[in-house]
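**Q** structure here, sequence nowhere to be found:
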């Protein structure tokens, strides 16, 4: 391993600009002549828009335009779409309702844009927005997914009776029912997987610009996938032909899924820029983000596990209602279906699984992928079921897991996935050791001496990452391919630019991708730069989400590097006057095998461009190669997290006493960055388990609408984490990488809840398990025990 | 419109502002010092922390007019040219940042923490002191490590630290 190659904890190349305040986020960009836009949003969860009177606002100083949904419709700007088709079990297609970027006839959630004001300054736009009179006819609203399908619930969209988008299923219902009938033991659980607000620290932002000279648009946008944004805004929304729209994603301050989607605001900024003849800038306020960013999770689930007398799992049966919100966001349909039910086998050999999912509209913000996207929900189902089963059967939780682990690969689950490699026992054993589980009883007694409760919770998670094989996802309804692209441009002086279709918004691609190049070409990492996030610079690519950038994006770079090396060998053969088959390339030098004749990397790259040593008709000058990599399978990162909690029964306050994570991510490029990803994921998972929960009241008002009401994890809510790894290489990609970005968020909620329920001796805990929730659960459990 | 005069990163600044203009708006929009970020509208996130007369404050919660006559230090003024402040160096060395958005506020808070509490900071002290700074990427693990390391290294009195003080 070289000091800057694969496996080295290289310090990040991107950090200098961030620690000196020189990052360039969308809000840091100002365009000459720029105007500002304010979105006037519906204060009602469900209301007809009877009339909009904008006269007074339009007359105010500095106001350039006040525009509404009717103007958007008149200009034939298309609505937003969901790009993954799901069919119900009866074969009917999902019921996708129209989603105009500015609500026209009616507003469907609090925060739905109903008009925009564009002005010289943001202050002028805001002041004028207060003068826009919207005449609403308030309608009844439904916010709770559990009641959205009720007979008497108001129907939100004409296309979706009973507010039902689809009634989907996966697996063999008959075989599962049979297995339950003959089971020795059945464990049943009812729970809500709580609704979360992603809250990347950088709020979303967009600047739209229109150049009348070239009739082309430019969009600066906080997006995780600029090419996908360009494709959707062009092909579906019809703003401009694809080649007349440039999308730039500059530095982006976190995404966690919420910046994958194509939102109304960027569409409106582009459209308004042409309308007013000025660049139009929008930066979300945090409270606005709470209302208008896509939220995550929000499932109501009934889950059962059947076991035989020996503790072998016979079947799992799951029924989930998934809240999609008021409109179907870009990938919303796939999250509670193919990203969820396909992972219900967990790490276990389970012969039969059946899952039904009803997706419903409610008068709430759209719900879509948030870190983990479906897989945290699946892990919560499986890891709660097995933990509770173990308690009910009085088998040690680790033992019941061991008994059921898959230990032969490849393994075909009953829910589509074919696991290619793993070592689940190894990660469990290592986690048990790092967490010092054998001395847990001692620590529990010590806690009890101080009047505290102590609990231990496991989560042996699996995820499907490296998203995704295009043909496979196409057969499941996905509207796009999920390969990745790369171009490696070698300059005459030997320095290298890597153009990637992935996008970095905290993941450190500028470093890890450069490590691959440094290792392969034997050049200093300083001589490599990574270019991403600009559709005018970079070839079409699919962006970053689903822990795909290492497994898919770097595989594309690796393929392009193969081609660069092959071409460079040809150039070297002319330079060294030898056959290209005799050229050996190692550590940045080309050598004629068996001789001392050699040429340095820089000599060869220069010769590739001056082209004096070969005939251009036989070998093209230059050194630049591109590649597209389409994975042959998902990757399957897996591991075991162990959470230990200490609870004060008088207050219900839960303190995380220790956290051990042992993950198998396959080959690791930069262990420092990978550990950082694990830390961040755990924090978001702990946030879901203990602190975070988006709450709508019965009228569809978001009660948790700011950082004062919605609890984000702070430093003092978390411990330092103990992070270890085990390695089984991913066999399906050339680098052996599985991906690491979502693991923590997937594993953590189940580990926390398993630990709390272990401590208090009751399974009756809802997330977020705030002090109040835990305190009430302890009192309820004590009362039940006393009654017995 | 009212006029304000202050010193920002060692330079005298004169500007006219609206009475409602926030210090962070003056820094970002008028002076184009965009290293100070805005991550919320309720004074919780700490992305906008700068030093005013040597004390950490949230610049989204102070009117520009209140900063009249003060000396302001932002993230852009912390390094001595190419020579990073020890706290900046500690964040880089310990992977104390991912997306970088909360980082300027974290670093300015961390330097203030050391100025108030000294060079030997316990983990629990750092965690409690970070109550007003939210990070969504790192899980705080490496931020806590960075601040402890930066505090120690500020204590050893490197050239960058002397320049910044």
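**A** Looks like it came in fine. Given the structure is predicted, the values throughout are model-derived calculations rather than measurements. Numbers count the residues shown, from 1 in each chain, chains lettered A, B, ... in the order given.

**Q** and stretch A:610-630, how far apart are its ends?
**A** Counting by Cα to Cα, to the nearest Å, you get 34 Å between the two ends of stretch A:610-630.

**Q** quick one: pLDDT of the residue nearest in space to the middle of chain B?
**A** In chain B, the centroid-proximal residue (Cα atoms, centre = their mean) is residue B:108; its distance is 2.4 Å. According to the prediction, residue B:108 has pLDDT 98.

**Q** which residue, other than its chain neighbours, is closest to it?
**A** residue B:49 (4.4 Å; Cβ to Cβ, 6 or more residues apart in numbering or on different chains). Quick note: C-beta positions are derived from backbone N, CA and C, even for glycine.

**Q** could you report the neighbour count for residue A:556?
**A** Residues lying near residue A:556 (other Cβ atoms under 10 Å in any protein chain shown) number 29.

**Q** element containing the residue nearest to the centre of chain B?
**A** Assigned by DSSP states H and E, residue B:108 belongs to helix B:103-117.

**Q** any idea which helix or strand comes after that helix?
**A** Downstream of helix B:103-117 (by DSSP H and E), the next one is helix B:123-129.

**Q** residues in contact with that next one: which ones?
**A** Residues outside helix B:123-129 that contact it (Cβ atoms under 8 Å, 6 or more residues apart in numbering or on different chains) are A:714-716, A:718, A:720, B:109, B:113, B:117, B:140, B:144, B:147-148.

**Q** repeat that with 7 Å
**A** Helix B:123-129 has contacts (Cβ atoms under 7 Å, 6 or more residues apart in numbering or on different chains) with A:715-716, A:720, B:113, B:117, B:144, B:147-148.

**Q** buried subset of those residues, written for PyMOL?
**A** Command for PyMOL that selects the buried part of the contacts of helix B:123-129, burial taken from 16 or more other Cβ atoms under 10 Å in any protein chain shown:
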select buried, (chain A and resi 715+720) or (chain B and resi 113+144+147+148)
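
**Q** what's the spacing between the longest helix along chain A and its chain's center?
**A** Ranked by residue count, the top helix of chain A under DSSP state H comes out as helix A:554-575. Chain-centre distance of helix A:554-575: 33 Å, with Cα atoms, centre = their mean, to the nearest Å.

**Q** just give me how far the helix or strand following that helix sits from the chain centre.
**A** As assigned by DSSP H and E, the chain's next helix or strand after helix A:554-575 is strand A:583-586. Centroid separation for strand A:583-586 versus its chain: 41 Å, with Cα atoms, centre = their mean.

**Q** does anything pack onto strand A:583-586? Which helices or strands?
**A** In terms of contacts (3 or more Cβ pairs under 7 Å, 6 or more residues apart in numbering or on different chains; DSSP states H and E), strand A:583-586 is packed against helix A:554-575, strand A:589-592.

**Q** what's the model's confidence in the longest one, averaged?
**A** Confidence over helix A:554-575, taken as the mean pLDDT, stands at 97.

**Q** which of the residues in that helix are buried?
**A** In terms of neighbour count (16+ other Cβ under 10 Å), helix A:554-575 has its buried residues at A:554-561, A:564-565, A:567-575.

**Q** residues contacting it, please?
**A** A:484-488, A:490, A:498, A:500, A:513, A:516-517, A:520, A:579-580, A:583, A:585, A:590, A:599, A:603-604, A:607-608, A:613-614, A:619, A:623, A:625-629, A:733-735, A:737.

**Q** just the residues you listed: which are in helices?
**A** Reading helices off the contacts of helix A:554-575 with DSSP H, I get A:513, A:516-517, A:520, A:603-604, A:607-608.

**Q** residue A:17: what's it in contact with?
**A** Residues in contact with residue A:17, defined by Cβ under 7 Å, 6+ apart, are residue A:23.

**Q** got phi/psi on it?
**A** Phi and psi for residue A:17, reported as degrees, to the nearest 10, are phi -70, psi -30.

**Q** just give the nearest non-adjacent residue to the residue in chain B that chain A sits nearest to, would you?
**A** Nearest residue of chain B to chain A (Cβ to the nearest Cβ) works out as residue B:35 at 1.9 Å. In this structure, residue B:35 finds its nearest non-sequential neighbour in residue A:21, 1.9 Å apart by Cβ to Cβ, 6+ apart.
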